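> Predicted coordinates and the sequence they were generated for:
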Amino acid sequence: MVDYKCFTCDKTVKSDYIKKKVRCPYCGSKVLYKQRTVRTEIKAI
């Protein structure tokens, strides 16, 4: 499963917790994001 990070306090939130509530258990923020494992760069033509 994919872990999420809180945008406010930058702590890792397990995906099992996200199934119950969409809030950070540490600070209560509703803004969570998935960390990218591979960095993607796009070059303009």
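Structure's in. What do you need? Numbers count the residues shown, from 1 in each chain.
> going forward, measure contacts between C-alpha atoms and count neighbours the same way
Noted.
> thinking Lys30 is in contact with Cys24, fair?
Yes - using C-alpha atoms under 8 Å, Lys30 is in contact with Cys24, at 6.5 Å.
> Tell me which of the two has more neighbours.
Set Lys30 next to Cys24 and count neighbours by other C-alpha atoms under 10 Å: Cys24 wins out with 24 against 14.
> so what's that one up against?
6, 13, 30-32 (C-alpha atoms under 8 Å, 6 or more residues apart in numbering).
> Narrow the residues you listed to just the buried residues.
The neighbour count (16 or more other C-alpha atoms under 10 Å) marks 6, 13, 32 as buried among these.
> for the protein, what spans make up the strands?
4-6, 12-13, 32-34 (DSSP state E).
> circling back: what is in contact with Lys30 and Cys24 at once?
Between them, Lys30 and Cys24 share no contacting residue, judged by C-alpha under 8 Å, 6+ apart.
> picking that back up, columns distance to Lys19 on top of the buried ones among the contacts of Cys24, output as JSON lines?
Converted to JSON lines, those look like this (distance: C-alpha to C-alpha, whole Å):
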{"residue": "Cys6", "distance to Lys19": "15"}
{"residue": "Val13", "distance to Lys19": "11"}
{"residue": "Leu32", "distance to Lys19": "13"}
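> Which member of those residues is positioned nearest Ala44?
Leu32 (29.1 Å; C-alpha to C-alpha).
> And for the closest one, nearest residue in space, chain neighbours not counted?
In this structure, Leu32 finds its nearest non-sequential neighbour in Cys6, 4.6 Å apart by C-alpha to C-alpha, 6 or more residues apart in numbering.
> right, and that neighbour touches Val31 too?
Yes - Cys6 is in contact with Val31 according to C-alpha under 8 Å; the separation is 6.3 Å.
> Could you verify my assumption that Asp29 touches Lys11?
You called it Asp, but residue 29 is Ser. No - taking contacts as C-alpha under 8 Å, Ser29 lies outside contact range of Lys11: 11.0 Å.
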